[in-house]
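# Show me how the following folds:
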Amino acid sequence: MQAQTIDQVLARLTEILHDALVQSQRIGYFAGLYLRVTWSVKRAIVAGDVFQDNERMEQLDVTFANRFLAAWDAWTSGGQPTSPWQIAFDDLSRDDLMVVQHLALGMNAHIDLDLGIATEEVMRQLGQPLDDIHDDFNMINTILSRLIGIVQVQLAEISPTFAKIESLAPGLENRLFGDALKGLRDGAWELATRLDCRKTAAGRDLVIKDRELLADAAGKLIQDAADLDIFAKFIQDVVAEENANGIPFNIQIIAE
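Below you'll find the predicted structure:
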C-alpha cells in the first residue's frame, strides 16, 4: 500500500526498522538512515520557512519514498524491483560488506535512479515547469549535509578502524561523503531534466532504462571495492569489527 502523507512514510519506515531489529536484517541500516532524513524533511516542512512550496515538497517526499517502499515490498514478496534495488537487496545477505557499502548500495538505487524519476513525475502531475522546484530540490542538499557529520561519528562508533580515517586525515571523510552525495543528487537532477524533455511514456521509459544500467554499474563498483588491493585490508578489518557488534547493535547506532 502506497503512502499518501509524510507521516505514513515515517510509519512505514519505522515498521521496516522495527522488523529489521527483531529479525537482524541489514535493511535496517538504510531504513534507519532514511527515517532520520525523512524526519529532517518533515521538520523543515513544519517550520514553514525552509522550502518555497511546502505542500509540493511533501508530495515529492512521499512520491520518492514510495519508490523505495514499493521496491522493498516487491522483493520481500518474491517479486522483482528495479535492478539497482535488486542488487542492493540481494546483497543484504552478504556479511563481507561494510555497513557503509550497504548504505551506499541503497543510496545508489534510491538517489541515482528514484529521485530524478520522482521529481519529474511530481512536476508533470502538477503541471508546473521542472525548474520551479530546483531551489527546493537543492535545499535538500543543505539538510542532508547536516547529517553527514553525524553519520561519520556513528560509523566510527561501529568500527574503530573506520575512525582512524578521520584521525589520520581530518575532514577527508566529510569531503568524500559530501562530494559523493552532491554527485548523486546532481545526477538525479540531470535525470529529471532528461525525462522532462520526453513527452511520451515510451520516451521516458527509454531514459529510465538507460539510467538503470548506469546505476547497476555503480552498484557493482560498490560491491567489488574489496577486490582492490588498496581497500581490501581496510574493508576486511572494518567488516570484522562490525560483524562482531551484531546487526541489531549497528542498526541502533545508525538510527539514533
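# Show me the shaky parts of the stretch 101-250 of the chain.
Low-confidence segments of the stretch 101-250 of the chain, defined by pLDDT under 70: 165-178.
# burial of residue 179, as a residue count?
Look at residue 179: counted by other CB atoms under 10 Å, it has 10 neighbours. All C-beta spots, glycine's among them, are computed from the backbone N, C-alpha and C.
# Repeat that for residue 161.
Using other CB under 10 Å, the number of residues around residue 161 comes to 19.
# quick thing: my sequence starts at 741, can you match it?
Yep, numbering from 741; the last one is residue 901 now.
# so how far is residue 957 from it?
28 Å (CB to CB, to the nearest Å).
# what's the answer for residue 760, then?
Distance, residue 760 to residue 957, by CB to CB: 28 Å.
# Which residue of those two possesses the greater neighbour count?
Neighbours were counted for residue 760 and for residue 957 using other CB under 10 Å; residue 760 has more, 22 against 11.
# dump the residue contacts of the more buried one.
When contacts are counted by CB atoms under 8 Å, 6 or more residues apart in numbering, residue 760 touches 766-768, 771-772, 987, 991.
# which stretches of the stretch 841-990 of the chain form helices?
Using DSSP state H, counting those that start in this stretch, the helices found in the stretch 841-990 of the chain span residues 856-866, 874-898, 900-908, 912-937, 941-963, 969-985, 987-995.
# Kindly reformat the ones you listed as TSV and extend each row with distance to residue 796.
Output for these, formatted as TSV (distance: least, CB to CB, whole Å):
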stretch	distance to residue 796
helix 856-866	7
helix 874-898	7
helix 900-908	38
helix 912-937	14
helix 941-963	20
helix 969-985	39
helix 987-995	28
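# I'd like to know which of the ones you listed is closest to residue 778.
helix 874-898 (10.5 Å; CB to CB).
# what inclination does that closest one have with respect to helix 987-995?
Here helix 874-898 points in a direction 140 degrees away from that of helix 987-995 (axes from the mean of the first three to the mean of the last three CA atoms, to 10 degrees).
# from the contacts of residue 760, which is closest to residue 877?
Closest approach between the contacts of residue 760 and residue 877, by CB to CB: residue 771, at 23.2 Å.
# can you state the direction angle for the helix or strand where that closest one lies and helix 874-898?
Residue 771 belongs to helix 767-787 when assigned by DSSP states H and E. Relative orientation of helix 767-787 versus helix 874-898 (the same axes, to 10 degrees): 140 degrees.
# Tell me the buried residues in helix 767-787?
Buried residues in helix 767-787, counted by 16 or more other CB atoms under 10 Å: 767-778, 780-782, 784-785.
# OK, contacts around the residue nearest the centre of the chain?
Centroid-nearest residue in the chain, with CA atoms, centre = their mean: residue 847, separated by 2.9 Å. Counting by CB under 8 Å, 6+ apart, residue 847 touches 770, 921, 924.
# same thing but at 10 Å, please
The neighbourhood of residue 847, defined by CB atoms under 10 Å, 6 or more residues apart in numbering, consists of 770, 773-774, 828, 855, 920-921, 924, 958, 962.
# Kindly present the residues you listed as JSON lines, with separate columns for distance to residue 873.
Formatted as JSON lines, the contacts of residue 847 follow (distance: CB to CB, whole Å):
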{"residue": "770", "distance to residue 873": "25"}
{"residue": "773", "distance to residue 873": "24"}
{"residue": "774", "distance to residue 873": "21"}
{"residue": "828", "distance to residue 873": "26"}
{"residue": "855", "distance to residue 873": "12"}
{"residue": "920", "distance to residue 873": "23"}
{"residue": "921", "distance to residue 873": "19"}
{"residue": "924", "distance to residue 873": "17"}
{"residue": "958", "distance to residue 873": "25"}
{"residue": "962", "distance to residue 873": "29"}
